[in-house]
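Engineer: Structure for the following, please:
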Amino acid sequence: MFETMSMEIEQLLAKLTEVNDRMSEYTNSVSSLSPSAALLHTLQRHRDILQDYSHEFQKTRTNISVCREREDLLGSVRREIDAYKNSSGLNRRTDMYLKEHEHLRNSDRLTDETINIAIATKENLMSQRSTLRKITGSMTNMVSIL
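Structural biologist: Below you'll find the model as predicted:
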């Protein structure tokens, strides 16, 4: 329902944009006859109103989307809590073991990643040390030559 209403409003805003564009074209065609200040003011006012409508629509659509996402999240949490409460003791234990197993796997993965980062850092530092030794040797040779 929200999507259809949103599409309807977008279509109406598009039509209003077309009307404003036609008003602008009319004003430009009359400009050779020097349009009145009232006509220019009316055109600008209609543009401002369209901009306000568009801005408010975007803001409202974003707020509704955020509320729907929040409600979905809270609803899913509530369903999980209810399912957990309604499950038998055996299912609870099994779920707890599965969750604990998942936590252990994640910890193991994070530990491996940390070790890999440390190894890469060590290799990088060794490479830098080798480069600095070569530079130092070259500088020493240049000083001894001079």
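Engineer: helices or strands up against the lowest-mean-pLDDT helix or strand in the chain?
Structural biologist: None of the helices or strands of the chain scores lower by mean pLDDT, DSSP states H and E than helix 37-86, at a mean of 86. The contact analysis (3 or more Cβ pairs under 8 Å, 6 or more residues apart in numbering; DSSP states H and E) places helix 37-86 against helix 2-30. Backbone N, C-alpha and C define where each C-beta goes, glycine included.
Engineer: okay, the angle between the helix it packs on and helix 37-86?
Structural biologist: With axes from the mean of the first three to the mean of the last three Cα atoms, to 10 degrees applied, the angle from helix 2-30 to helix 37-86 works out at 170 degrees.
Engineer: next one: the lengthiest helix in the chain to chain centre, how far?
Structural biologist: Across the chain, the longest stretch assigned as helix under DSSP state H is helix 89-145. Averaged C-alpha coordinates place helix 89-145 at 30 Å from its chain's average position (Cα atoms, centre = their mean, to the nearest Å).
Engineer: What helices and strands are in contact with it?
Structural biologist: Against helix 89-145 (3+ Cβ pairs under 8 Å, 6+ apart) you get no helix or strand.
Engineer: what mean pLDDT does it have?
Structural biologist: In this model, helix 89-145 carries a mean pLDDT of 90.
Engineer: shift numbering so it begins at 42
Structural biologist: Done: numbering now begins at 42, and the last item shifts to helix 130-186.
Engineer: and the angle from that helix to helix 78-127?
Structural biologist: Relative orientation of helix 130-186 versus helix 78-127 (the same axes, to 10 degrees): 120 degrees.
Engineer: and residue 187, how many neighbours?
Structural biologist: 5 (other Cβ atoms under 10 Å).
Engineer: where's it relative to residue 178, distance?
Structural biologist: From residue 187 across to residue 178, the span is 15 Å (Cβ to Cβ, to the nearest Å).
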